[in-house]
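Novice: Just need the structure, nothing else, for what follows:
(one chain, ligands or ions: 2)
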Amino acid sequence: MNALLALTLSLTCSNTQPQPNVLFIAIDDLNDWVGCLGGHPQAHTPNIDRLARRGTLFTNAHCQAPICGPSRASMLSGRYPHTTGVYVQPKGPLDNDQKFFSGQMLPRYFARHGYLTMGVGKIHHGFTQTRSFEVNGPKGRSGPKPPNEFRFHYHLPDNPWSGTQTDWGAFPDVDSKMPDYETAGWAEEQLQKQHDRPFFLAVGFHRPHVPFYVPEKWFDRLPLNSVQLPPVRTDDLDDVPQIGRDLHAVPKYPGLSFLTENDNEQFKRCTQAYLACTTFVDHQVGRVLDALDASDYANNTIIVLVSDHGYHLGEKDRVSKHGLWEESTRVPLIISLPGGTTTRTSNKPVGLIDVYPTLLELAGLPAKAENAGRSLLPLLNKSDTSWRHSILTTYARGNHSLRSEDYRYIRYENGAEELYDHRSDPQEWKNIAANPAHANVLKKFRNELPQGDAPYHARQSPKPINAWFQKHLNRNGVR
Ligand SMILES: [Ca+2]
Ligand SMILES: [Ca+2]
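Specialist: Residues are numbered from 1 along each chain as shown. Ligands and ions are numbered 1, 2, ... in the order given. Predicted coordinates for the structure are as follows:
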């Protein structure tokens, strides 16, 4: 550890509690529509922004899998999907997989080294969360649903999206009926208690995960007629390989043509609702930050804030995640040290896989040999002269994306490729993989691809998300 940083940490931790506490905040499906990341000009997230101002904001951070279960399995195990085989949603309680799924998971590792571990809301996805924490708050839920779902304020006789949670609208009437509100309240209570050990407190929020329901007051900030739509192109998928279109096609989710009907009516509503959800969840984050600042732990707690993956709102013809493009992979990642001593931003390619080794080093715990990520300490210290060229995201076995500072590269299991130059094309509209001028760029990325792809994990979902996926799973022997 950098000497200055080590000194800072030791000075900010009291004599009676030499190790720092950890406040780990996980948000579900929050893309870069956060004020400090600039993903949408009307994003209003003052609390996440103030956390970024007192910590290090990673502006080029990416998930390792663009869907809840695999992303969280990777982040909390410290291992890449291509080594664990967890590529799609795990199925039910993974009772037979304690060795992999719990024993080495991040909270358990802290517990084994003397920490009090507390968890509330959605932290894991796909197995019994109470195995992970010593003290458990409510796991939370997606939230109450209106008696008749809005279905985008659109009456369809044969709704093609039946079965998906995708919907948007103002509901319920007050915040206190939202499970995320209860989650923040439970975290506040733990921060007001006296603890005899350093703690690892994990707080997981569900919004802005679908359905995009939050009380009306969160919609009022942004009237429908003032909503700015994200930039999209109707021909964007024309230069995407067929396997890319198939892999990313999730028929039950609404696409761009639905959004743009009737002068973008549903596009405006969907965008407004997602922004309302982000401001709502930001407010819950703010309650937890305020409780920490008012507590005895204000000056000896590391704060980490992450989202498990991004989300598309019409880009690449989709309202969903499950993609290997920027909207699906880019995530907020902020690390704030006690006393706010490392205020800066970093645009180096980093991933959620780096959270585990970073927290171990910051807390002074022994490194875990299986961790595949890197400690972010060099970037917190700005001693980042040597860093990885690109960070990996995987979706379904054998399909990978690599993001460097300047480029995104995608390679599908059949060898098809995409390449985007973020310096001139931040929306990833123009696939330049076939241009011979970029042969050397492609060569470098190809050399960084995983050397092998683990078989699907034994407990993967038997309910694949589309027909293509079913064939894919059958081909790989998954039942
Ligand atoms: Ca998620
Ligand atoms: Ca395109």
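Novice: contacts and neighbour counts: CA atoms only from here.
Specialist: OK.
Novice: wait, isn't M178 in contact with K145?
Specialist: No - shown here, M178 and K145 do not form a contact pair, counting by CA atoms under 8 Å, at 10.4 Å.
Novice: who touches both of those two?
Specialist: Common contacts of M178 and K145, defined by CA atoms under 8 Å, 6 or more residues apart in numbering, comprise P172.
Novice: the more surrounded of these two?
Specialist: It is M178, of M178 and K145, that has more neighbours when counted by other CA atoms under 10 Å, with 22 against 13.
Novice: what pLDDT does the residue nearest to the spatial centre of the chain get?
Specialist: Nearest to the mean C-alpha position of the chain, by CA atoms, centre = their mean, lies D308 at 1.9 Å. Per-residue pLDDT puts D308 at 97.
Novice: who's in contact with A416?
Specialist: With the criterion set at CA under 8 Å, 6+ apart, A416 makes contact with 241, 243.
Novice: and if you look at V319?
Specialist: For V319, the contact set (CA under 8 Å, 6+ apart) comprises 253-256, 311-313.
Novice: among those residues, which are in helices?
Specialist: Counted as lying in helices by DSSP state H, out of the contacts of V319, are L256.
Novice: need the contacts of V319 in a markdown table with neighbour count, pLDDT and distance to ligand 2, can you?
Specialist: Listed next are the contacts of V319 as a markdown table, based on neighbours: other CA atoms under 10 Å; pLDDT from 0 to 100; distance: CA to the ion, whole Å:
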| residue | neighbour count | pLDDT | distance to ligand 2 |
| --- | --- | --- | --- |
| Y253 | 19 | 75 | 20 |
| P254 | 20 | 82 | 19 |
| G255 | 20 | 86 | 16 |
| L256 | 20 | 91 | 14 |
| Y311 | 30 | 97 | 18 |
| H312 | 21 | 96 | 15 |
| L313 | 24 | 96 | 16 |
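Novice: Tell me the one among the contacts of V319 nearest to H124.
Specialist: Y311 (18.8 Å; CA to CA).
Novice: Got phi/psi on the closest one?
Specialist: Main-chain dihedrals, Y311, degrees, to the nearest 10: phi -160, psi 140.
Novice: Quick check: it vs F171, distance?
Specialist: Computed as CA to CA, to the nearest Å, the Y311 to F171 distance reads 21 Å.
Novice: What of R408?
Specialist: R408 is 38 Å from F171, by CA to CA.
Novice: now S401
Specialist: 37 Å.
Novice: Quick check on the two: which one has the bigger neighbour count.
Specialist: Set S401 next to F171 and count neighbours by other CA under 10 Å: S401 wins out with 27 against 21.
Novice: who are the neighbours in contact with the more buried one?
Specialist: 324-325, 392-394, 408-411.
Novice: Between which two of the contacts of V319 is the distance greatest?
Specialist: Maximum distance among the contacts of V319 (CA to CA): 14.0 Å, for L256 and Y311.
Novice: just for this structure, where's the confidence low?
Specialist: 1-17, 89-103, 126-127, 151-164, 248-252, 343, 383-384, 459-479 (pLDDT under 70).
Novice: interface residues of it facing ligand 1?
Specialist: When proximity is defined by CA under 5 Å from the ion, the chain lies next to ligand 1 at 28-29, 68.
Novice: Of these, which ones also sit close to ligand 2?
Specialist: Okay, of the residues of the chain next to ligand 1, nothing touches ligand 2 (CA under 5 Å from the ion).
Novice: now, which of the residues you listed lie within helices?
Specialist: C68.
Novice: Of the residues of the chain next to ligand 1, which is the most crowded?
Specialist: D29 (27 neighbours).
Novice: give the contact list for the residue nearest to the centre of the chain.
Specialist: Contacts of D308 (CA under 8 Å, 6+ apart): 26-30, 63, 66-68, 71-72, 331, 352.
Novice: what residues does the stretch 351-479 of the chain put near ligand 2?
Specialist: So the stretch 351-479 of the chain meets ligand 2 at 429-430 (CA under 5 Å from the ion).
Novice: Let me see the ranges of the strands in the stretch 351-479 of the chain.
Specialist: For the stretch 351-479 of the chain, the strands defined by DSSP state E, counting those that start in this stretch cover 391-394, 400-403, 407-411, 417-421.
Novice: I'd like the ones you listed laid out as CSV, including distance to N136.
Specialist: Listed next are the strands of the stretch 351-479 of the chain as CSV, based on distance: least, CA to CA, whole Å:
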stretch, distance to N136
strand 391-394, 31
strand 400-403, 35
strand 407-411, 39
strand 417-421, 44
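Novice: before we move on, back to that, out of the contacts of S401, who's nearest Q272?
Specialist: Distances from Q272 to the contacts of S401, taken by CA to CA, are shortest for W325, at 22.4 Å.
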